[in-house]
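1. I would like the atomic coordinates for the input below:
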Amino acid sequence: MKHHTRNTQKGYDFLNNGISIYPGLDNTLEENLALIDTAAAAGITRVFTSMHIPESDTRALKKDIGTLLSAARAHHMEVISDVSPQTLAVLGLTTFTPSKFRMLGITTVRMDYGFSPQEIARISHNNQHIRVQLNASTLTPRILRELADAKADFSRIDAMHNFYPRVGTGLSEALLVKRNAPLHQLGIRVGAFVTTQDGRRRSPYGEGLPTLEAHRKLSPAHTARHLVALGIDSVILADSLPTDAEIRALGSLKDDCVTLAAELLTDDPATRELLTHTFTSRVDAARDAVRAQESRVYITKTKTTIAPANNIERRRGTITIDNETAGRYMGELDIMKRALPADPRVNVCARIVPEDLPLLGCITPGRKFSFALRSRNAGEHDIMKDNGSVRANATQTDAPNADESSKETREEPAS
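-> From the prediction side, this is the model:
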């Protein structure tokens, strides 16, 4: 069972996603404060910060950190900070003291190198309710067993994968899924990072800060959906200054369904309205299509009639709705997993964008799914309006760029 809180807005459960703040590095204090405000307004609930980046201006870092932590605290945001000798020096501490971290507004401490499983287990029982975050990219089953043997309180522990500043050093999809599995078995939620494409990338490399190497040059609106479909529970924008549109896209990610970006091919109001709902994939999964469990019931309850239109070839990734000539099947909503010929009873009303086709494999029987709709030829930033995405089974997609090798990638600490 997962131990977590929910970020609820408009009656939906939203993922607890986040931004990153690096005082003394790329942004001015004013830019960082504006970033926190923008993120909070978009429903972002977490702030990741690192205080041991060698390129940071230490004087500016020490000057600004208190103001930034106060701003995050004012928005009731969870602040995740690494714990290292450099962090303690910046905060004016000689030893790790949970009460002092809590007073500063730091609510989660990332404990990576230099802490034994026994020390981590002891800290997980602190009476300040400080949460502990582990490095998901380097955790092994042996370390998890040692934590269990030391009676760690797993209800206060989550995990976050590293990000990788240099091209060619990010994780493969196969390794991420492998690392997630034992964590989820213990009820530990797992996070990962995505990188900006249109904003300010973090120095010194400026090559992006993704967890997965395959995500380095892809839009965070897409990569966040991909991570969630792979089993990730929280997504963090890792770079210094993402765009407002990228932040809003991340803030709209909902819990418990896979969301596919789709281009509308119909102007029919009833069809468009039906496509805004969240559906469940039927447990008796069809060979050729993902079938929605609720769509026909909805059409019946609302006494909606679907007239025949756009009865064309059904290519892989097209979204179809059966029309009134299908009789009791009117309202049947399917996503094509393989191509089928045109049928006068079936309207082709939308199509999954090419970059999201690999996510079809994540809609397993019983899994919820929804659509992030956009008009034909709309820009990427329009994709995430009003809909979000959530975790599917922690299994690999059929993404053509996914690294299927089980060989482990060399890890380096988030920095």
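
2. The residue most central in space within the chain: which element?
-> Using CA atoms, centre = their mean, the residue of the chain that lies closest to the mean C-alpha position is residue 235, 3.6 Å off. When secondary structure is defined by DSSP states H and E, residue 235 falls within strand 234-237.

3. So which residues make contact with the helix or strand that that strand is followed by?
-> The first helix or strand that comes after strand 234-237 along the chain, using DSSP H and E, is helix 244-251. With contact meaning CB atoms under 8 Å, 6 or more residues apart in numbering, helix 244-251 is reached by 14, 17, 19, 38-39, 42-44, 194, 196-199, 219-221, 224, 235, 237, 381, 383-384. Where C-beta positions appear, they are placed from N, C-alpha and C, glycine not excepted.

4. Give the buried subset of those as a PyMOL selection command.
-> In PyMOL, the members of the contacts of helix 244-251 classed as buried (16 or more other CB atoms under 10 Å) are selected with the following command:
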select buried, resi 14+17+19+38+39+42+43+44+194+196+197+199+219+220+221+224+235+237+381+383+384
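
5. elements contacting the strand holding residue 235?
-> For strand 234-237, the contact count by 3 or more CB pairs under 8 Å, 6 or more residues apart in numbering; DSSP states H and E identifies strand 18-21, strand 46-49, strand 157-160, strand 190-194, helix 220-230, helix 244-251 as packing neighbours.

6. try 7 Å this time
-> When contacts are defined as 3 or more CB pairs under 7 Å, 6 or more residues apart in numbering; DSSP states H and E, strand 234-237 packs onto strand 18-21, strand 46-49, strand 190-194, helix 220-230, helix 244-251.

7. what residues does stretch 283-300 touch?
-> Under the criterion CB atoms under 7 Å, 6 or more residues apart in numbering, residues 274, 277, 279-282, 306, 329-338, 340, 360, 363, 365-366 lie in contact with stretch 283-300.

8. Over to stretch 109-120?
-> 80-83, 101, 130, 132-135, 143, 146-147, 150, 152, 160, 413.

9. buried stuff in it?
-> Of the residues in stretch 109-120, 109, 110, 111, 112, 115, 117, 120 count as buried by neighbour count, 16+ other CB under 10 Å.

10. again, but for stretch 299-319
-> 299, 304, 306, 309, 310, 311, 314, 316, 317, 318, 319.

11. coming back round to it: can I get the helices and strands packed on strand 234-237 in CSV with distance to residue 165?
-> As requested, the helices and strands packed on strand 234-237 are arranged in CSV below (distance: least, CB to CB, whole Å):
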stretch, distance to residue 165
strand 18-21, 12
strand 46-49, 14
strand 190-194, 11
helix 220-230, 16
helix 244-251, 18
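
12. before we move on, the earlier item: just the buried residues of stretch 109-120 now: which is nearest residue 31?
-> The closest of those to residue 31 turns out to be residue 110 (CB to CB; 23.5 Å).

13. Show me the beta-bridge partners of the closest one.
-> With beta bridges defined as DSSP bridges, residue 110 has these partners: residue 82, residue 133.

14. end to end, how far does stretch 270-289 reach?
-> Between the start and the finish of stretch 270-289 there is a gap of 22 Å, counting by CA to CA, to the nearest Å.

15. same question, stretch 204-218
-> Criterion CA to CA; first-to-last residue distance in stretch 204-218 is 20 Å.

16. so how far is that stretch from its chain's centroid?
-> 15 Å (CA atoms, centre = their mean, to the nearest Å).

17. just stretch 126-141 next, same as before
-> Computed by CA atoms, centre = their mean, the separation of stretch 126-141 from the middle of its chain amounts to 19 Å.

18. likewise stretch 53-60?
-> Counting by CA atoms, centre = their mean, stretch 53-60 is centred 29 Å from the centre of its parent chain.

19. buried stuff in the helix or strand hosting residue 39?
-> Of the helices and strands defined by DSSP H and E, residue 39 is found in helix 29-41. Buried residues in helix 29-41, counting neighbours by 16+ other CB under 10 Å, are found at 29, 32, 33, 35, 36, 38, 39, 40.

20. Kindly report the same for stretch 267-276.
-> Of all the residues in stretch 267-276, those buried under the rule 16+ other CB under 10 Å are 268, 270, 271, 274, 275.
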